[in-house]
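*Asks:* this is a predicted model, with the sequence first.
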Amino acid sequence: MEKIHATKERIMRASFKLFLENGYENTQIRQIAEESQAVTGSIYHFFRNKEDILRALIRPIFSKQVEICKNAVSDEESPLMQYLILCGVQLATCQKHRNLHEIYYLCYTSNDLCSEIIESNTEFLQKALAYYRSNLTRGELYLRCIGTTGALRAYMASGFMYDNIDVMDRIFTFASLTLRAYELPQEEVDRLLHALNGYRKVIDELSNTMIREIGNLM
């Protein structure tokens, strides 16, 4: 049993290394087999395909980003600020690391992975909006979360196409769209956007930490 577990761990470590170095699309199963010193059949014993490997790897990545960002906001601030900073760190990380950019984008493109992200975000936002005594039902919140998650994916995609757009402009535009989607009072939207401006350096530093910590995950 330990040998089987060790083989799976080697495959995951090798995949993660190659995804970061070469990019997800440029990594082939045979390369993973060579890097992990495992036969191709062993890879397919544990994983259905390359996306299945990515699915196993992305959970610790998302857990790590939550861990990194959770202490960035004071307890007195709206829980929504933590969500905005979390999304901002993702966009800033994508701007700085091309292959991580590809991994994040693929997560928001994969139906299965994106569905998990939307479900997780809906759960978090339901608790965050309780701070405002929101009247949105969970169903309404879920539908809006689909839209804002799609917007985040679009801003990630824009990083591939428009290098001249400042990442902070993407972050603030996304934040503005998101806050309005959840029907916050205009004065609170303005307050949060003004407060977010004070987190520019924090977002930049956290994205650097994220890149460094992701490299140490496997």
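*Replies:* That came through, no problem.

*Asks:* domain boundaries for the chain, per the record?
*Replies:* 2-47, 57-215 (automatic domain parsing).

*Asks:* quick one: these as TSV, columns for mean pLDDT and mean neighbour count too.
*Replies:* In short, each C-beta sits where N, CA and C put it, glycine included. Below are those laid out as TSV (pLDDT from 0 to 100; neighbours: other C-beta atoms under 10 Å):
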stretch	mean pLDDT	mean neighbour count
domain 2-47	91	16
domain 57-215	90	16
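
*Asks:* got the contact list for residue 202?
*Replies:* 72, 85 (C-beta atoms under 8 Å, 6 or more residues apart in numbering).

*Asks:* what's the spacing between it and residue 208?
*Replies:* Going from residue 202 to residue 208 by C-beta to C-beta, to the nearest Å gives 11 Å.

*Asks:* same thing with residue 215?
*Replies:* Taking C-beta to C-beta, one finds residue 215 at 11 Å from residue 208.

*Asks:* host element of residue 141?
*Replies:* helix 138-161 (DSSP states H and E).

*Asks:* and for residue 116?
*Replies:* In this assignment (DSSP H and E), residue 116 forms part of helix 111-129.

*Asks:* packing partners for that helix?
*Replies:* On a contact count with 3 or more C-beta pairs under 8 Å, 6 or more residues apart in numbering; DSSP states H and E, helix 111-129 meets helix 50-69, helix 79-96, helix 98-109, helix 138-161.

*Asks:* between these, which gets nearest to residue 175?
*Replies:* Minimum separation from residue 175 across the helices and strands packed on helix 111-129 (C-beta to C-beta) falls at helix 79-96, 4.9 Å.

*Asks:* quick one: work out the angle between that closest one and helix 111-129.
*Replies:* Angle of helix 79-96 versus helix 111-129, following axes from the mean of the first three to the mean of the last three C-alpha atoms, to 10 degrees, is 140 degrees.

*Asks:* chain center to helix 79-96, what's the gap?
*Replies:* Mean C-alpha position of helix 79-96 versus that of the full chain (C-alpha atoms, centre = their mean, to the nearest Å) differs by 8 Å.

*Asks:* which other residues reach the helix or strand containing residue 187?
*Replies:* Secondary-structure assignment from DSSP H and E places residue 187 in helix 186-197. Here helix 186-197 makes contact (C-beta under 8 Å, 6+ apart) with 77-78, 80-81, 84-85, 88, 132, 171-172, 175-176, 179-180, 184.

*Asks:* just checking, next helix/strand downstream of it?
*Replies:* Using DSSP H and E, the next helix or strand after helix 186-197 towards the C-terminus is helix 200-215.

*Asks:* C-alpha coordinates for that next one, PDB please?
*Replies:* C-alpha atoms of helix 200-215 as PDB (Å, rounded to 0.1, in the frame of the first residue of the first chain):
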ATOM      1  CA  ARG A 200      -2.500  47.400  -3.700                       C
ATOM      2  CA  LYS A 201       0.900  46.600  -2.100                       C
ATOM      3  CA  VAL A 202      -0.600  43.700   0.000                       C
ATOM      4  CA  ILE A 203      -2.000  42.100  -3.200                       C
ATOM      5  CA  ASP A 204       1.300  42.400  -4.900                       C
ATOM      6  CA  GLU A 205       3.200  40.900  -2.000                       C
ATOM      7  CA  LEU A 206       0.700  38.100  -1.500                       C
ATOM      8  CA  SER A 207       0.900  37.100  -5.200                       C
ATOM      9  CA  ASN A 208       4.700  36.900  -4.800                       C
ATOM     10  CA  THR A 209       4.200  34.700  -1.700                       C
ATOM     11  CA  MET A 210       1.700  32.600  -3.600                       C
ATOM     12  CA  ILE A 211       4.100  31.900  -6.400                       C
ATOM     13  CA  ARG A 212       6.900  31.000  -3.900                       C
ATOM     14  CA  GLU A 213       4.600  28.800  -1.800                       C
ATOM     15  CA  ILE A 214       3.100  27.000  -4.800                       C
ATOM     16  CA  GLY A 215       6.600  26.000  -5.800                       C
END
